[in-house]
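1. okay, here's the prediction I keep looking at, along with the sequence it came from:
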Amino acid sequence: MNALPGTTAPTALFSRQRRQLTLWILALSAVLLISLTLAITLGPVRIAPQQAWQITAHELGLHLGLDWQSGQWSIAQYQIVWRVRLPRVLLAALTGSGLALVGVAMQAMVRNPLADPYLLGVSSGASVGAVSVLAFGVLAFADELALPLGAFGGALAACVAVYFLALANGRLMATRLILGGVAIAYCLGGVTSLIVLTASQRELANSVLTWTLGSLAGTRWDELGLPAALLLAGITLLLAQARSLNALLSGEETAATLGVDTTSTRRWLFVLVSLVTGVLVALTGPIGFVGLIVPHITRMLVGSEHRRVLPVAALIGAIFLVWVDVLSRISFAPAEVPVGVITSLLGGPFFIWMLMRKSARERLNA
């Protein structure tokens, strides 16, 4: 079909890309909704999907001042759906989205598709801060906010350390960011292990050790507000700066030509990455490889333009971690495997595959 008079090829291409993005978002949103429903129903005690929806609708109605009940369920089924599984799967979705967005931002920041929160030591710093709160009562005056604040402080401190290591003649160097991050991550990993092994309370040491493997068990409703607000703010800020992220991914010279202040952009990305990672690590423990796997899969599906990558990565990250959590609950039932163990088992081979794929591409281009 010929283009209409006055319609340029770039405009037609942009319209087609917007339609494709809309279809991706609608399809992935439907998959996420189905995944959330099935995740609630699966477990040692099976719940029918309609019962999960009926219980959820009943509770939401009560919060809206409406008292309705359609269907029948036992007290045990109600407790499992509303008190145990629903807040857990929602936190899994929020955490998966947040870690995916952090991975996208970090890969643009350092121009490396293998980057994730672990690469720059952010997760390790958050772990040190959170474990210090658990082991020594640091920030006890903050009550329930002590753990998120401790994790954020540790993540930010790690980012600041990496930032100064990466400075060269007043500019941030991507290569030095990676090398400095790996060094900081190893050092802080040792600090976390030292705190755990020398804690005087053995029960606390065991709980900290379990937490450091990453877990969504015991999620409460009052823990969902902060990550939800942070995720909304984070994706809004990143979408507003999508052009700058595209420029960073293209290289220093291209970014400068486009008028992007790379140093300033990386600074605020540091703070955002630290905040999101710190809060999520405080709630779930360090869960690795989500920020590596999801952005890479997303770029294979929709390309590298960040206006498409960011919303699609957020949805894929949510779906991915919801199903990883299901695997952690049912694979070795009645025992439960920490979520971080499953992501490591999946992420390790994926990382190796990416390295082999990158090496093959370099040989072809040689």
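-> Yes, it's here. Residues are numbered from 1 along each chain as shown.
2. okay, now the unreliable bits of the stretch 251-366 of the chain?
-> Applying pLDDT under 70 to the stretch 251-366 of the chain flags residues 366.
3. residue boundaries of the helices in it?
-> With DSSP state H, counting those that start in this stretch, the ranges of helices along the stretch 251-366 of the chain come out as 252-257, 262-284, 290-302, 306-330, 339-365.
4. buried set for the second one?
-> When you say that, I think you mean helix 262-284. 262, 265-266, 269-270, 272-284 (16 or more other CB atoms under 10 Å). Placement of C-beta: from N, CA and C, glycine included.
5. what do you get for the fourth one?
-> By neighbour count, and taking 16+ other CB under 10 Å as the criterion, the buried residues in helix 306-330 are 306-329.
6. between it and helix 290-302, how many degrees?
-> Counting by axes from the mean of the first three to the mean of the last three CA atoms, to 10 degrees, helix 306-330 lies at 130 degrees to helix 290-302.
7. list the contacts of Asp325.
-> Contacts for Asp325 (CB atoms under 8 Å, 6 or more residues apart in numbering) come out as 39, 88-89, 92, 216, 339.
8. in three-state terms, label the residue lying closest to it once chain neighbours are set aside for me.
-> Using CB to CB, 6 or more residues apart in numbering and skipping residues adjacent in sequence, the residue nearest Asp325 is Ala92, 4.3 Å away. Using DSSP: H, G, I helix; E, B strand; the rest coil as the criterion, the local structure at Ala92 reads helix.
9. among the helices of the stretch 251-366 of the chain, which is nearest Gly125?
-> Closest approach to Gly125 among the helices of the stretch 251-366 of the chain (CB to CB): helix 262-284, 7.8 Å.
10. could I get the CA-only coordinates of that closest one as PDB?
-> Presented in PDB, the C-alpha positions along helix 262-284 are these (Å, rounded to 0.1, in the frame of the first residue of the first chain):
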ATOM      1  CA  THR A 262      27.500  11.200  30.200                       C
ATOM      2  CA  THR A 263      29.100  11.800  33.600                       C
ATOM      3  CA  SER A 264      25.900  13.500  35.000                       C
ATOM      4  CA  THR A 265      23.700  10.800  33.600                       C
ATOM      5  CA  ARG A 266      25.800   8.000  35.100                       C
ATOM      6  CA  ARG A 267      25.700   9.800  38.500                       C
ATOM      7  CA  TRP A 268      21.900   9.800  38.700                       C
ATOM      8  CA  LEU A 269      21.800   6.300  37.400                       C
ATOM      9  CA  PHE A 270      24.100   5.300  40.200                       C
ATOM     10  CA  VAL A 271      21.700   6.700  42.800                       C
ATOM     11  CA  LEU A 272      18.600   5.100  41.200                       C
ATOM     12  CA  VAL A 273      20.300   1.700  40.800                       C
ATOM     13  CA  SER A 274      21.500   1.900  44.400                       C
ATOM     14  CA  LEU A 275      18.000   2.800  45.700                       C
ATOM     15  CA  VAL A 276      16.100   0.100  43.800                       C
ATOM     16  CA  THR A 277      18.600  -2.600  44.500                       C
ATOM     17  CA  GLY A 278      18.900  -1.700  48.100                       C
ATOM     18  CA  VAL A 279      15.200  -1.800  48.800                       C
ATOM     19  CA  LEU A 280      14.700  -5.100  46.900                       C
ATOM     20  CA  VAL A 281      17.700  -6.800  48.500                       C
ATOM     21  CA  ALA A 282      16.400  -5.700  52.000                       C
ATOM     22  CA  LEU A 283      13.100  -7.400  51.300                       C
ATOM     23  CA  THR A 284      14.200 -10.500  49.400                       C
END
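11. excluding its backbone neighbours, what's nearest the residue positioned nearest the centre of the chain?
-> The chain has Leu99 as the residue nearest its centroid, 1.3 Å off, counting by CA atoms, centre = their mean. Leaving out its chain neighbours, the residue that sits closest to Leu99 by CB to CB, 6+ apart is Val290, at 4.0 Å.
12. quick one, what contacts the one you found?
-> Contacts here follow CB under 8 Å, 6+ apart; on that basis Val290 touches 95-96, 99-100, 103, 116, 317, 320-321, 343, 347.
13. hang on, the earlier thing: will you turn the helices of the stretch 251-366 of the chain into a markdown table that also has distance to Met109?
-> Compiled in a markdown table, these are given as follows (distance: least, CB to CB, whole Å):
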| stretch | distance to Met109 |
| --- | --- |
| helix 252-257 | 11 |
| helix 262-284 | 5 |
| helix 290-302 | 12 |
| helix 306-330 | 12 |
| helix 339-365 | 18 |
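14. of all those helices, which lies closest to Leu197?
-> Comparing these under CB to CB, the one sitting nearest is helix 339-365, at 18.9 Å.
15. quick check: buried residues in that closest one?
-> Per 16+ other CB under 10 Å, helix 339-365 contains these buried residues: 339-344, 346-347, 351.
16. run through the stretch 101-250 of the chain and note the low-pLDDT ranges.
-> Applying pLDDT under 70 to the stretch 101-250 of the chain flags the ranges 172, 174, 201-202, 204.
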